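Student: what follows is a predicted structure for the sequence shown.
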Amino acid sequence: MSQAVPHEVPLASQGADAAQASLAGKSHFHKGSARMFRSGFLEWFSHVHPATPAVLFLPLVAFSVWQAAARGMAPLALCGLFFAGYALWTLFEYWFHRLFFHLEVRGAVTERIYFFLHGVHHDYPWDRSRLVMPPGVSVSLAVIFFALFRAALGPNAMWAPYGGLVLGYVIYDSVHWYTHAAKPRHWYGKLLRREHLVHHFKEPTSRFGVSCPWWDHVFRTTGAPADVPAGAPSLSGSALEDAAR
């Protein structure tokens, strides 16, 4: 069985530090990339190209829309249910991030779980190879939601909302990569980037909607007004290093 290995300090300590920092509203930041597995095979799968979500799942979105239309769904109903599926993803994204990625730590086991799920990303936010979900996680979620939608809606009505939900996931992971790795020029891109980087560097207990900041307003987790330091060109810039202190 592959075991987790340390990068700079023992992994158990990394998990504890990240978990306690999250609870305290603070984080420890490192450049580079943490090695998570002794097995080079498993370690390779923990690094994901940012185009992976689109390559894997946009064909599934198109297939879902085609299935909905081929099964006789009216265009207006298809559009409405497709949007409903997207909206459902944004709600899932918010709560999954808030409750699961930032789960409450109550011991060594949950400390390690936290680090593997999300703590490593907060500790190593400059690691661009871990900004989107590994396919093992995203495909598993797609299968689970497929089964749930089929059970709840049946084999005909499920396709339009399922396609919308899958597109929501692709948007989420693409936005997450974009907020870390790019410098948006449009005001909305700047807003998403600012809110997410404030979540990373100033208030990890707020701003859980990466691609859907409106849910933070609904559930009152917008946090205090804050800005990413002016002039920060990217996560490699010195201004965000100052924000990490």
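Tutor: Received the coordinates, thanks. Numbering: from 1, shown residues only.
Student: what's the closest non-adjacent residue to Leu56?
Tutor: Nearest residue to Leu56, sequence neighbours excluded (C-beta to C-beta, 6 or more residues apart in numbering): Pro135, at 6.3 Å. Heads up, the C-betas are built off the backbone N, CA and C, glycines and all.
Student: the one you found - how many residues pack around it?
Tutor: Residues near Pro135, counting by other C-beta atoms under 10 Å, number 16.
Student: isn't it right next to His47, touching?
Tutor: No: using C-beta atoms under 8 Å, Pro135 makes no contact with His47, being 11.5 Å away.
Student: and stretch 90-100, what's buried?
Tutor: If you call a residue buried by 16 or more other C-beta atoms under 10 Å, then stretch 90-100 has these buried ones: Thr90, Phe92, Glu93, Tyr94, His97, Arg98.
Student: so for the second one, what's the pLDDT?
Tutor: Phe92 carries a pLDDT value of 97.
Student: ok, now which ones touch it?
Tutor: By C-beta atoms under 8 Å, 6 or more residues apart in numbering, the contact set of Phe92 is Leu165.
Student: look up how far Ala142 lies from the residue nearest to Leu56.
Tutor: 10 Å (C-beta to C-beta, to the nearest Å).
Student: and His176, what element?
Tutor: Assigned by DSSP states H and E, His176 falls within helix 159-181.
Student: quick one: list the elements packing against that helix.
Tutor: For helix 159-181, the packing partners by 3 or more C-beta pairs under 8 Å, 6 or more residues apart in numbering; DSSP states H and E come out as helix 52-70, helix 75-95, helix 135-157, helix 187-201.
Student: counting by contacts, list what the shortest one packs against.
Tutor: Applying 3+ C-beta pairs under 8 Å, 6+ apart, we find helix 187-201 packed against helix 159-181, helix 238-243.
Student: against which helices or strands is the following helix or strand past it packed?
Tutor: Using DSSP H and E, the helix or strand that follows helix 187-201 in sequence is helix 214-218. Secondary-structure packing of helix 214-218 (3+ C-beta pairs under 8 Å, 6+ apart): helix 75-95.
Student: so what's the residue count around the closest residue to Phe83 other than its chain neighbours?
Tutor: Distances taken as C-beta to C-beta, 6+ apart place Gly164 nearest to Phe83, at 6.0 Å, with adjacent residues excluded. Gly164: 25 surrounding residues under other C-beta under 10 Å.
Student: low-confidence regions, this protein specifically.
Tutor: 1-46, 103, 105, 107-123, 129, 226-245 (pLDDT under 70).
Student: 80 instead, please
Tutor: Along the chain, segments meeting pLDDT under 80 span 1-48, 101-130, 225-245.
Student: for the residue nearest to Arg150 when sequence neighbours are not counted, give me phi and psi.
Tutor: Among residues not flanking Arg150 along the chain, Met158 sits closest, at 5.2 Å (C-beta to C-beta, 6+ apart). Torsion angles at Met158 (phi, psi; degrees, to the nearest 10) stand at phi -70, psi -30.
Student: do you know how far Met158 is from Leu56?
Tutor: Distance from Met158 to Leu56, counting by C-beta to C-beta: 19 Å.
Student: please apply the same query to Pro50.
Tutor: 12 Å.
Student: now do Ala181
Tutor: 19 Å.
Student: cool, and Gln67?
Tutor: Noted for Gln67: a distance of 18 Å to Leu56, by C-beta to C-beta.
Student: next: Leu131.
Tutor: Leu131 is 15 Å from Leu56, by C-beta to C-beta.
Student: more crowded one of those two?
Tutor: Set side by side, Leu131 and Leu56 show more neighbours around Leu131, with 21 against 16, by other C-beta under 10 Å.
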